[in-house]
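# coordinates for the following, if possible.
(one chain, ligands or ions: 2)
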Amino acid sequence: MKNTIFLCFAMLLFAACNQQRPEANYDIIPQPKEVNLNDGKPFMIIASTAVYYEAGLQREALFLSEYVNDLLGYGLEVREYQGQSNGIVLQVAKENFDQAEAYQIDITPKQVHITGADAAGVFYGIQTLRKSLPIASSEKKMPVFLPCGTIRDWPNFGYRGMHLDPCRHFIPLDSVKVYIDMLAMHNMNQFHFHLSEDQGWRIEIKKYPELTQIGAYRDGTVIGHNGNLYDTIRHGGFYTQDELRDLIQYAAERHINIIPEIDLPGHMQAALACYPQLGCTGGPYEVWKRWGVSEDVLCAGNEEAMRFAEDVLNEVMDLFPSPYIHIGGDECPKVRWEQCPKCQKKIKELGIKGDERFSKEDYLQSYVMNRMAKAVEARGRRVIGWDEILEGNVSETAIIMSWRGTEGGIEAARKGHDVIMAPSSHLYFDYYQSEDIASEPMCIGGYLPVERVYAFQPLPEVLTPEQQQHIIGVQANIWTEYIAHFWHVQYMALPRMEALTEIQWNNPQERDFDAFVERCRKMTQFYDLYHYTYAKHIFNPQVWADTVETNLATRKPITLRQAPAEKYTYEGAGVLNDGNLGRGAYNSGKWLGFCGDPMDAVIDLEQPAAIKQVRFHALTNKGAWIYNPSQVKVLVSDDGENFREVAHKDIPISTWEDRDGIFAYEVAFEPVTARFVEVCVRGFDLPEDHSGYGNPAWIFVDELEVN
Ligand code: ACM
Ligand code: ZN
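Ligands and ions are numbered 1, 2, ... in the order given. Reported below is the predicted structural model:
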């Protein structure tokens, strides 16, 4: 009775206000494959709507209730299904579907039925319902109308994944859980967790405790892109086995399998720092402080090193129930093996010969990979390896993760391997997503806008339909050499993840980027709701102005009291008032760079003029040691010798939570008449939380305007 009254009241309220009523919109990401709506009276979700679950689906019901609470401000009551004829019903009916993970939503005026081929299918139906709901911001507890009809949906790829590297920069467990939440919202079912690297070992292994006691920490990190400068800040962390069990459970509840990766036999320097006898030279080694590919790898001729790798994999398999175990295999230089008596002895023992395609050391790597694959397969699991493992004679049972383009995947599919497509050309989310890299947080390089991700075709046309069957999935990777904070991981992932999701779930034949962007826009409301950081390039395409309006300072005589850094002087002071805006990177030639010294410019307006404002732009790129200005002073003079201060502004330092980019600074003051204007812009010293702490920050300034 109470419900009926509330319902009538709500309907009256909407009629009276003639306001657009909050309605579900099934145009979401990934786009459901079949949506057939009818003119029936909509179903209405209100605070007293219940979710009824069939046995085995209680957790899914609780998720739905929680999502509704997040979005609408009220949770739904969760009850076991006993044939009730109202509410939202969750059921599994395998016989209704052709494939796993499929679902159907039937919306009638009195009931919403979410039926899955399995619990995962029900979960994806719930995700679809969730993403269809409006987000009540101010008006909480509002009813929401669901247009009636039927939605049928199923995934194109059975393997839908994302990878994360918590090794280059450690990512705390709670943040990894948020990452898993992001994957769940995007119907992904595989989380590839890269747990070992040259720069840090992240998984507790009971048999080799030093791996985390020593190998999880490095005593410093190279500053910026690899050079000779290092900070001295200890960086690291690891996940205990208890924490990982908790994480595995957390992911499993969200129908996500965690694939652990132990990267072998290269990318092992952190392990060698703990157990130097496992390397060809015997060390000493340190947990690596620079980025790249270390030449020090596991000694393939040392039986102890091979047993170490098998032991680690066995402990990993004790912990992770994953049907897939990633054993790496990428970027393993062979220089140590070429010189190592033990490795050369092993090559002889195994009767390995090089040929025109591969060296004997390449085949030695195949020996390592095949041996590890055997250990993994002995326990009923399958190995995944990066596409380098094709260089030799890897066994056909290995799944190939194609990262150096799609070529490795194509070759592998032709040879009968199953393949996961993760090419750096389209799916490396550690690359820049805008060409205006000065406005981006520093990253490894590359250029991979959302459009390019969305355009990716995971099924190469050069493969026959039978060979294409071997492409079991699609994955994007996030490496963290230049990503030290989780907000930055999110920024790199979102919204490129939307495009990835479309490819994984739908692999659409026809692609309509504009329509896709509109659906992305809805997703940003979820990002905001959950406080996810995301990139906005596709929503506000930037039309960069290259010039500023001519102003009193434009192309007037200008001098600098202190020279810019030699590397960033270009045509000198004139760069500052040539009418061209500083754009692009700090080294684009359009910025003057100062380190320690202020930018202190005197402009001769050539005749007295009334002035009341000074403006300029400066660049912030914290990873590159470039901070915002700390202080701006404006002084004026009639004779060019005696100056008096007319304005002074202090600016707070940018924090890691703040965006990098190009920012305008403006100082306004009481109008004053003068011929000479001096603008003095100072920088900060790098703060304590910066790897270059103790050094002055750079400032990059351009286009001084006087109005
Ligand atoms: C890789 O990016 N080295 C797999
Ligand atoms: Zn060796």
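# separation between the closest residue to residue 133 other than its chain neighbours and residue 423?
Distances taken as CB to CB, 6 or more residues apart in numbering place residue 71 nearest to residue 133, at 5.0 Å, with adjacent residues excluded. C-betas here are computed from N, CA, C, even on glycine. With the distance defined as CB to CB, to the nearest Å, residue 71 ends up 35 Å from residue 423.
# pLDDT score for residue 543?
Looking at residue 543, its pLDDT stands at 73.
# now do the SS call for it.
Following DSSP: H, G, I helix; E, B strand; the rest coil, the label given to residue 543 is coil.
# just give me the neighbour total for it.
Counted by other CB atoms under 10 Å, the residues lying close to residue 543 total 5.
# try residue 339
By other CB under 10 Å, neighbour count at residue 339 equals 11.
# just residue 481 next, same as before
Residue 481: 21 neighbours (other CB under 10 Å).
# now swap in residue 552 and tell me
Residue 552 has 19 nearby residues by other CB under 10 Å.
# could you do residue 242 as well?
10.
# likewise for residue 604?
Residue 604: 15 neighbours (other CB under 10 Å).
# and what of residue 559?
Using other CB under 10 Å, residue 559 has 13 neighbouring residues.
# repeat for residue 129
Using other CB under 10 Å, residue 129 has 24 other residues around it.
# ok, it - contacts?
Residues in contact with residue 129 (CB atoms under 8 Å, 6 or more residues apart in numbering) are 24, 64, 88, 105, 112, 114, 146.
# so of these, which ones are in strands?
By the criterion of DSSP state E, membership of those in strands covers 88, 105, 112, 114, 146.
# got those residues as a markdown table, with neighbour count, pLDDT and distance to ligand 1 columns?
Formatted as a markdown table, the ones in strands among the contacts of residue 129 follow (neighbours: other CB atoms under 10 Å; pLDDT from 0 to 100; distance: CB to the nearest ligand atom, whole Å):
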| residue | neighbour count | pLDDT | distance to ligand 1 |
| --- | --- | --- | --- |
| 88 | 26 | 98 | 43 |
| 105 | 25 | 98 | 38 |
| 112 | 23 | 98 | 43 |
| 114 | 29 | 98 | 38 |
| 146 | 23 | 98 | 43 |
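# from the residues you listed, which is closest to ligand 2?
For the ones in strands among the contacts of residue 129, the minimum distance to ligand 2 (CB to the ion) is 56.3 Å, reached by residue 114.
# what's across from that closest one in the sheet?
residue 90, residue 105 (DSSP bridges).
# does it touch residue 102 like I think?
No - in this structure, residue 114 is not within contact of residue 102 by CB atoms under 8 Å, at 11.7 Å.
# picking that back up, pLDDT score assigned to the residue nearest to residue 133?
Listed pLDDT for residue 71 reads 94.
# which element is it on?
Under the criterion of DSSP states H and E, residue 71 resides in helix 58-72.
# tell me what that helix is packed against?
Packing partners of helix 58-72 (3 or more CB pairs under 8 Å, 6 or more residues apart in numbering; DSSP states H and E): strand 50-53, strand 77-80, strand 87-92, helix 119-132.
# start and end of stretch 409-421, how far apart?
Start to finish, the residues bounding stretch 409-421 are 7 Å apart (CA to CA, to the nearest Å).
# neighbouring contacts of it?
The contact list for stretch 409-421, computed with CB under 8 Å, 6+ apart, reads 159, 161, 384, 387, 390, 396, 398-402, 406, 423, 427, 456, 458, 460, 462-463, 467-468, 470-475.
# let's see that with 7 Å instead.
Outside stretch 409-421, the residues that touch it by CB atoms under 7 Å, 6 or more residues apart in numbering are 159, 384, 387, 390, 396, 398-402, 406, 458, 460, 462-463, 467, 470-475.
# now, of these, which are buried?
With burial judged by 16 or more other CB atoms under 10 Å, the buried subset of the contacts of stretch 409-421 is 159, 384, 387, 390, 398-402, 406, 458, 460, 463, 467, 470-471, 473-475.
# keep only those of those residues that are in helices.
Among these, the subset assigned to helices under DSSP state H consists of residue 467.
# if we can go back for a sec, can you put the helices and strands packed on helix 58-72 in JSON lines and add distance to residue 312?
What follows is the helices and strands packed on helix 58-72, written out as JSON lines (distance: least, CB to CB, whole Å):
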{"stretch": "strand 50-53", "distance to residue 312": "40"}
{"stretch": "strand 77-80", "distance to residue 312": "42"}
{"stretch": "strand 87-92", "distance to residue 312": "38"}
{"stretch": "helix 119-132", "distance to residue 312": "30"}
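# just checking, the residue nearest to residue 133 touches residue 135?
Yes - with contact defined as CB atoms under 7 Å, residue 71 reaches residue 135; the gap is 5.2 Å.
# more neighbours: which of the two?
It is residue 71, of residue 71 and residue 135, that has more neighbours when counted by other CB under 10 Å, with 21 against 14.
# quick check: closest non-adjacent residue to the residue positioned nearest the centre of the chain.
What sits nearest the mean C-alpha location of the chain, by CA atoms, centre = their mean, is residue 493, with 3.1 Å. Closest residue to residue 493 apart from its sequence neighbours, by CB to CB, 6+ apart: residue 429 at 5.7 Å.
# what's the burial count for that neighbour?
Using other CB under 10 Å, residue 429 is surrounded by 25 other residues.
# find me the pLDDT at it, would you?
On the pLDDT scale, residue 429 is placed at 98.
# residue 436 now?
Listed pLDDT for residue 436 reads 82.
# got it, and residue 122?
At residue 122, the model reports a pLDDT of 99.
# in terms of secondary structure, what does the helix or strand where residue 608 lies contact?
Using DSSP H and E, residue 608 sits within strand 599-620. Using 3 or more CB pairs under 7 Å, 6 or more residues apart in numbering; DSSP states H and E as the contact test, the elements touching strand 599-620 are strand 558-560, strand 661-682, strand 698-706.
# ok, that strand: who's next to it in the sheet?
Strand pairing for strand 599-620, determined by DSSP bridges: strand 558-560 (antiparallel), strand 661-682 (antiparallel), strand 698-706 (antiparallel).
# alright, I will stop here.
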